[in-house]
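Trainee: model this:
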Amino acid sequence: MLRIVGHIESLLLRNDCVIIPRFGGFVLREVPASFEEKGALFCPPHKEISFNTNLRHTDGLLAESYMQVYDVDYGNASEMLERDVEALEKCLREEKCLDCGKIGSFRLGDEGQLIFTPGESALWNASFYGLETYHFPKLAPLPAEKPEMWVEMRKPEKDVIYIPVNRRLLRVVAGAAAACALFFLVSTPVKEVNPAAYTASFVPREMMAVSMMRTDAPKEETVDLAKAETTGELKDEPVMEEPKEAVPEAKPVEKAEVAKAPEVKTAPAVKQKMFHIIIASFPNEQQADEYISTVDRQVCTGVDKITRDGKCRVYAARFDNREEAERYQAALRKHEKYKDAWLFISR
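Mentor: Residues are numbered from 1 along each chain as shown. Take a look at the predicted model:
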């Protein structure tokens, strides 16, 4: 192998382009990472070497390499480089091919053209060490699942349902029901209750006395007609009827209604409009206060600020009458400093 090939390999490790004077130049090109869809392959980034016959000028890299390796000056290094280039061209003409080691190989075509075949070497890919091509196949689509037919098996229903019951609890419930029934059966009859014990005082005492007299009246005696006919002692006797006393009807007691005082509704206060003569607007109160300190108090007698909608506005005066505000605005605009004063209405 020629001496010049070793210098070219060494220089390509540090440079992307090395030129052989009057012959051509080797160029390293970086290829980015790619994906081959056909083979489902991910290819890492790498460098490819190519040869360009149009690069024939002297870049000085080979001459400098000769100077460092052989410890000669630039003139001697250039002469050594020219002799090596001539030997390279002579070998290529005689053998029609030239092996350049890890860089690749040259051959002459049928028409005398120079053909370069790059070598498959990882020497130029030291910066991409560890990155390899890997296969990543696509996932096959899952087949659609067919709905399965589920047949629900029901157990035959029974005619008899068994409910577990605690016997002790059942006896307690039965005893409580019997006690309630006995209490309602043996309760005090209503007839024997004293009416005065459950009558409210709303009933007049005269009605209570009459009702008591009716209950205590003697019962009429009945005579057996059959017995009277046999004895012949039946006599017509006048029956004395007791005069009935007129009982005054009880009038319902009317409850006196208390007249409610009429509610006094207070009308909502109507906010009065105020007319402000604005001379400046600022985004915050600090800037507004600084501006107020510079205002002439003799011209703007009622200078102050008002904040609305996130803006702080400085007004020269304010009025509750629109006509007065407009007159003051016209007078204020005569001053050059306040010629842009405008009217702002607020509540």
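Trainee: for the longest helix seen in the chain, the distance to its chain's centre please.
Mentor: Using DSSP state H, we find that the single longest helix of the chain is helix 74-95. How far helix 74-95 lies from its chain's middle: 76 Å, per C-alpha atoms, centre = their mean, to the nearest Å.
Trainee: before we move on, what about stretch 283-290?
Mentor: 38 Å.
Trainee: same question, stretch 305-315
Mentor: Centre-to-centre, stretch 305-315 and its host chain are 36 Å apart (C-alpha atoms, centre = their mean).
Trainee: quick one: buried residues of whichever strand or helix holds A177?
Mentor: When elements are assigned from DSSP states H and E, A177 belongs to helix 167-185. Within helix 167-185, no residue is scored as buried using 16 or more other C-beta atoms under 10 Å. Where you see a C-beta, it was placed from the backbone N, CA and C, and this is true even at glycine.
Trainee: average pLDDT for it?
Mentor: Helix 167-185 shows a mean pLDDT of 86 in the predicted model.
Trainee: would you mind writing the CA trace of that helix as PDB?
Mentor: Output in PDB follows, covering the C-alpha atoms of helix 167-185 (Å, rounded to 0.1, in the frame of the first residue of the first chain):
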ATOM      1  CA  ARG A 167     -88.400 -17.800  68.100                       C
ATOM      2  CA  ARG A 168     -87.600 -15.600  71.100                       C
ATOM      3  CA  LEU A 169     -88.200 -12.500  69.100                       C
ATOM      4  CA  LEU A 170     -91.500 -13.900  67.900                       C
ATOM      5  CA  ARG A 171     -92.700 -14.500  71.400                       C
ATOM      6  CA  VAL A 172     -91.800 -11.000  72.500                       C
ATOM      7  CA  VAL A 173     -93.700  -9.500  69.600                       C
ATOM      8  CA  ALA A 174     -96.800 -11.700  70.300                       C
ATOM      9  CA  GLY A 175     -96.700 -10.700  74.000                       C
ATOM     10  CA  ALA A 176     -96.600  -7.000  73.100                       C
ATOM     11  CA  ALA A 177     -99.500  -7.300  70.700                       C
ATOM     12  CA  ALA A 178    -101.600  -9.100  73.300                       C
ATOM     13  CA  ALA A 179    -100.800  -6.400  75.900                       C
ATOM     14  CA  CYS A 180    -101.900  -3.700  73.500                       C
ATOM     15  CA  ALA A 181    -105.200  -5.500  72.700                       C
ATOM     16  CA  LEU A 182    -105.900  -6.000  76.500                       C
ATOM     17  CA  PHE A 183    -105.300  -2.300  77.200                       C
ATOM     18  CA  PHE A 184    -107.900  -1.100  74.600                       C
ATOM     19  CA  LEU A 185    -110.500  -3.700  75.800                       C
END
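Trainee: quick revisit: run through who's touching the longest helix of the chain.
Mentor: Outside helix 74-95, the residues within contact range by C-beta atoms under 8 Å, 6 or more residues apart in numbering are 2-4, 20-23, 62-64, 66-67, 70, 72, 98, 106, 108, 114.
Trainee: can I get the buried part of those residues as one PyMOL selection?
Mentor: PyMOL command restricting the contacts of helix 74-95 to the buried ones, with burial defined by 16+ other C-beta under 10 Å:
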select buried, resi 2+4+20+21+23+62+63+66+67+98+106
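Trainee: what about the contacts of helix 74-95, which are in helices?
Mentor: Counting by DSSP H, these contribute 3-4, 62-64, 66-67, 70 to helices.
Trainee: just the closest of the residues you listed to I345, please.
Mentor: Ranked by distance to I345 (C-beta to C-beta), the ones in helices among the contacts of helix 74-95 are led by E64 at 87.0 Å.
Trainee: tell me how many other residues crowd Y291.
Mentor: For Y291, the neighbour count with other C-beta atoms under 10 Å is 17.
Trainee: er, G101 actually
Mentor: The tally of other residues near G101 (other C-beta under 10 Å) stands at 15.
Trainee: pretty sure it sits in a strand.
Mentor: No - counting by DSSP: H, G, I helix; E, B strand; the rest coil, one finds G101 to be coil, located in no strand.
Trainee: from S127, how far off is it?
Mentor: Counting by C-beta to C-beta, to the nearest Å, the separation of G101 from S127 is 21 Å.
Trainee: same list (the ones in helices among the contacts of helix 74-95) but as CSV, adding pLDDT.
Mentor: Output for the ones in helices among the contacts of helix 74-95, formatted as CSV (pLDDT from 0 to 100):
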residue, pLDDT
R3, 84
I4, 88
L62, 90
A63, 90
E64, 91
Y66, 91
M67, 92
Y70, 91
